[in-house]
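1. I'd like to go over a predicted model; first the sequence, then the structure.
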Amino acid sequence: MKLGDICLFYHSNCKLPGIAGLATIVKEGYVDFTAFDKEHPYYDPKSLESSPKWYMVDVEFTRKLNRFISLKELQKHKTEQLKYMPLLNRGRLSVQPVDKESFDFIMDLEKLPVEP
């Protein structure tokens, strides 16, 4: 992710996962120092300062979507408009690329009424 990139803000660890908003990258990837802190919940003894396993970026809130777009709704478009979206094929990744066509389609979904 590069400075200024727009990203989808996705709720994943909840009863109803989905896209809630947009954020902007305000600081490019750097070593996740929390992995070295034994008192931190994200401490990883296998991540060494000389060879870190974890990186993070800083994001800034851009805007809330006009409506929440659930994972179930996104999955309805898995075979066509969103067939290249990693979220629908490898959902365990916390950071994933989104191609322009998928992003534009999601922005169009935002304008439609909530699907039943």
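-> Noted; the coordinates are in hand.
2. and stretch 3-10, how far out from the chain middle?
-> Computed by Cα atoms, centre = their mean, to the nearest Å, the chain-centroid distance of stretch 3-10 equals 8 Å.
3. please begin residue numbering at 9 from this point
-> I'll keep to 9 as the first residue from here, and by that count the last item is stretch 11-18.
4. now that stretch: mean pLDDT?
-> For stretch 11-18, the mean per-residue pLDDT is 95.
5. mind listing what's buried in the lengthiest helix in the chain?
-> In the chain, taking DSSP state H as the definition, the longest helix is helix 108-118. For helix 108-118, a neighbour-count test (16 or more other Cβ atoms under 10 Å) marks 110-111, 113-114, 117 as buried. From N, CA and C alone the C-beta is placed, and that goes for glycine too.
6. residue boundaries of the strands in the protein?
-> For the chain, the strands defined by DSSP state E cover 14-19, 26-39, 63-78.
7. need these in JSON lines with distance to P105 and mean neighbour count, can you?
-> As requested, those are arranged in JSON lines below (distance: least, Cβ to Cβ, whole Å; neighbours: other Cβ atoms under 10 Å):
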{"stretch": "strand 14-19", "distance to P105": "10", "mean neighbour count": "17"}
{"stretch": "strand 26-39", "distance to P105": "13", "mean neighbour count": "15"}
{"stretch": "strand 63-78", "distance to P105": "13", "mean neighbour count": "14"}
